[in-house]
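Undergrad: Quick one, structure for this:
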Amino acid sequence: MYTKQDLKQHLKDMGIKPSDTLLVHSSMKAIGEVEGGADTVLDAFMEYMSDGLLILPTHTWASMSEYHNEYDPRIEPACVGILPNLFRTRKGVLRSLHPTHSLAVYGKDSEAFIDGEDNQTSPCSPKGAYNRIKERNGKILLLGVGHERNTFIHCVEEHLDVPERLTKEPTYFKIVMPDNQIKPSFMLRHDNPVTDHISENYTKLEQAFYDRNAAIRTTFGDASCILCDAGAIYEVTKDVLSHQINCIIELETIPKEWWLKE
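TA: Below you'll find the predicted structure:
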């Protein structure tokens, strides 16, 4: 059984610094037995990241629709697991106003990091919070999950204007603002004519990320993890897509020479 101190040591062993910007996609089940359960896991992250910014996705894309279109960040459950749902209710944690791809943040510059998310018109806009991870030289920890959960790659694809990623027409949402006023939002959704799950194809880039030192294998508790450098993930993805913009979906495997530099 892992203690809080064990988990904090694992973060240190990965090379994560307390001053880093860190986005965590997680599977609580993969971690194994922890003394105090999920709350201890969050305590370990929040205490260790004492001088940095801790980010967990609190996405609601699975529940929000034209039929359930009022997003209240104070009460709308996240569809991405137990840790994000516990984290979003903790003291000092802020949640962004993006109606489908919100983030919960804690620590340095947290308010500025999520500012303006109520004005975005796509899931992972290059003008929004996901891109700020790269701008802050941030890291992404895939904790017990793979690149199929690496939402940052959606942001890279939006930045590179990859075709067939978004709906042609937006969905109308209503955002409940901090003052309880309702703000209209017109949001494009993820959509592709070939697959319902675009991100399942991101695993095709896994070896490219390792070969270019954009990601390393590591562990947290019992969980197999991938620690990524957001800026490097962007550069590798950009290089691969420069050969064939929609190759992640169109090809079964990506040619190795597309990411290896001489």
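Undergrad: how about the strands in this structure?
TA: Along the chain, the stretches classed as strands by DSSP state E are 21-26, 53-57, 70-71, 94-95, 103-107, 139-143, 171-176, 182-187, 215-220, 223-229.
Undergrad: Make CSV from these and add mean pLDDT, distance to residue 36 and mean neighbour count to it.
TA: Glycine gets a C-beta too; all of them are placed from N, C-alpha and C. As requested, these are exported to CSV (pLDDT from 0 to 100; distance: least, Cβ to Cβ, whole Å; neighbours: other Cβ atoms under 10 Å):
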stretch, mean pLDDT, distance to residue 36, mean neighbour count
strand 21-26, 98, 16, 25
strand 53-57, 98, 18, 25
strand 70-71, 98, 31, 18
strand 94-95, 98, 24, 18
strand 103-107, 98, 18, 24
strand 139-143, 98, 17, 24
strand 171-176, 98, 33, 17
strand 182-187, 98, 37, 15
strand 215-220, 98, 15, 18
strand 223-229, 98, 17, 21
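Undergrad: With distance to residue 163 added, can I get those strands in CSV?
TA: Output for these, formatted as CSV (distance: least, Cβ to Cβ, whole Å):
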stretch, distance to residue 163
strand 21-26, 26
strand 53-57, 25
strand 70-71, 28
strand 94-95, 31
strand 103-107, 26
strand 139-143, 25
strand 171-176, 20
strand 182-187, 19
strand 215-220, 26
strand 223-229, 25
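Undergrad: Of all these, which one is nearest residue 33?
TA: Residue 33 lies closest to strand 223-229 among the strands of the chain, at 11.9 Å (Cβ to Cβ).
Undergrad: Out of the strands of the chain, the one nearest residue 202 is which?
TA: Shortest distance between residue 202 and these, using Cβ to Cβ, is found for strand 139-143: 10.4 Å.
Undergrad: what residues does that closest one touch?
TA: 14, 16, 20-27, 30-31, 133, 149-150, 152, 220, 223, 225-230, 233 (Cβ atoms under 8 Å, 6 or more residues apart in numbering).
Undergrad: which residues in the stretch 51-200 of the chain form helices?
TA: Here the stretch 51-200 of the chain has its helices, by DSSP state H, counting those that start in this stretch, at 82-87, 110-113, 129-135, 152-159.
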